[in-house]
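With the sequence up front, the predicted model follows.
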Amino acid sequence: MTTPVWQRLLGLLVYLLPWSDAIPFGGHLMGQFPWLQWLTLPSLPLVLLERGIPFGNLLVFFLLFLAVVRNPNVPYFIRFNTLQALLVDIIVVLLGYAFAILLQPLGGGLILRTLSSTVMIAVLAVVIFAVIECVRGREPDLPGLSQAVRMQLY
């Protein structure tokens, strides 16, 4: 059975959430390579929404979790991709907190810039992979995460 185009589109759109949270990690990298700033444009409406509403990121998270993931009327493909994107987003947010607590007191040295750029590039790779798989109509299989998502949805 093939996945309808509208489900593929909605499935790939939810990956803008972890990407929007990973963009601040790439500040130094985008300073070195200004053309990378074009990659931030798709997530701009989501970033404006999250920053325009108090606790916007948390509200978007709970809205997606409660209205999409836990709603059995939503097709499985959309629920799977939404939960997987939320798990990737949780990892990105936790890394942001870890960087703020552990590495920020050390200053903005080479180690912090390298780790931040690595996080941004890793999330970009995950998002690109997920988008390609969604366009193909297949579930993006991220090791460890996909199994956790399937266990939650069944």
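That came through fine.

Can I get stretch 33-46 in PDB? Just the C-alpha atoms.
Written as PDB, here are the backbone C-alpha positions of stretch 33-46 (Å, rounded to 0.1, in the frame of the first residue of the first chain):
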ATOM      1  CA  PHE A  33      29.700  29.600   5.500                       C
ATOM      2  CA  PRO A  34      27.000  32.200   5.000                       C
ATOM      3  CA  TRP A  35      25.200  30.100   2.300                       C
ATOM      4  CA  LEU A  36      24.100  27.700   5.100                       C
ATOM      5  CA  GLN A  37      21.700  30.400   6.300                       C
ATOM      6  CA  TRP A  38      19.400  29.500   3.400                       C
ATOM      7  CA  LEU A  39      18.800  26.200   5.200                       C
ATOM      8  CA  THR A  40      17.100  28.000   8.000                       C
ATOM      9  CA  LEU A  41      14.300  29.500   5.800                       C
ATOM     10  CA  PRO A  42      11.900  26.500   5.900                       C
ATOM     11  CA  SER A  43      11.800  26.600   9.700                       C
ATOM     12  CA  LEU A  44      11.400  30.400  10.000                       C
ATOM     13  CA  PRO A  45       7.600  30.300  10.500                       C
ATOM     14  CA  LEU A  46       8.000  27.800  13.300                       C
END
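
what about the closest residue to residue 139 other than its chain neighbours, how many neighbours?
Computed as Cβ to Cβ, 6 or more residues apart in numbering, the closest residue to residue 139 that is not its neighbour in sequence is residue 80, at 5.6 Å. From N, CA and C alone the C-beta is placed, and that goes for glycine too. Neighbourhood size, residue 80 [other Cβ atoms under 10 Å]: 20.

can I assume residue 80 is in contact with residue 142?
No: with contact defined as Cβ atoms under 8 Å, residue 80 does not count as touching residue 142 (11.1 Å).

Secondary structure element holding the closest residue to residue 46 other than its chain neighbours?
The spatial neighbour of residue 46 that comes closest, neighbours along the chain excluded (Cβ to Cβ, 6+ apart), is residue 20 at 4.8 Å. For residue 20, the enclosing helix or strand under DSSP states H and E is helix 16-22.
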